[in-house]
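Q: Predicted coordinates and the sequence they were generated for:
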Amino acid sequence: MKIALIAHDKKKNDMVQFTTAYQHILKNHELFATGTTGMRISEATGLSIHRFQSGPLGGDQEIGALVAQNKMDMIIFFRDPLTAQPHEPDVSALMRLCDVYAIPLATNMGTAEVLIHGLERGDLQWRSILKQ
Ligand SMILES: O=C(CO)COP(=O)(O)O
C-alpha cells in the first residue's frame, strides 16, 4: 500500500513516536511524506520514505495530486488544531480530496491506531481491488 505520513510541527514528536512503534508494519509498505516530517521519521526509524516538499511549500498539494490519480491508499496526518497554518487552504484541499476519493485519512493518533491495525490485518485490501 502507498501511505502518506504528515505532521504539523507540534505533532512531529507524536509522528516519530507512532512510526517508531509501528515501523514493523510500515516497512512493508511504500511510504511518502512531506519534507520535514519525512526527514524526522527516516532519521528516527531508518524507514525508506519518498519525501515531497515541505507542507507550506506545496507538499500537501503534491500528496493531494497522488490522491486524485488514485496513487495513494492511506494518509496519516497529525494536524495541529491549535496553531494557524499559513497553508491552511492546502491542508483543507488534501482532506477534501480524501473525501472525494474515499481515501482512509487519520487526522489524530486515535484514528491512526485504528488504521494501522486495520492495515496490518488486511482491511485495506479493497484498495487493491479498486485499482485493478
Ligand atoms: O505542514 C505540513 C503539513 O501541512 C507538514 O510539512 P513538513 O512535514 O514539511 O513540516
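A: Yes, it's here. Numbers count the residues shown, from 1 in each chain.
Q: For stretch 34-43, which outside residues touch it?
A: For stretch 34-43, contacts defined as Cβ atoms under 8 Å, 6 or more residues apart in numbering pick out 5-7, 9, 12, 15-16, 19, 31-33, 47-55, 57, 59-60, 63. In short, each C-beta sits where N, CA and C put it, glycine included.
Q: Find the closest residue to the ligand in this protein.
A: Using Cβ to the nearest ligand atom, the single residue of the chain nearest to the ligand is Gly55, 2.1 Å away.
Q: how about the closest residue to that residue other than its chain neighbours, phi and psi?
A: Of all residues not flanking Gly55 in the chain, Thr34 sits nearest, at 4.6 Å (Cβ to Cβ, 6 or more residues apart in numbering). The phi/psi pair for Thr34 (degrees, to the nearest 10) reads phi -70, psi 160.
Q: Next, count neighbours for Thr34.
A: Using other Cβ atoms under 10 Å, Thr34 is surrounded by 26 other residues.
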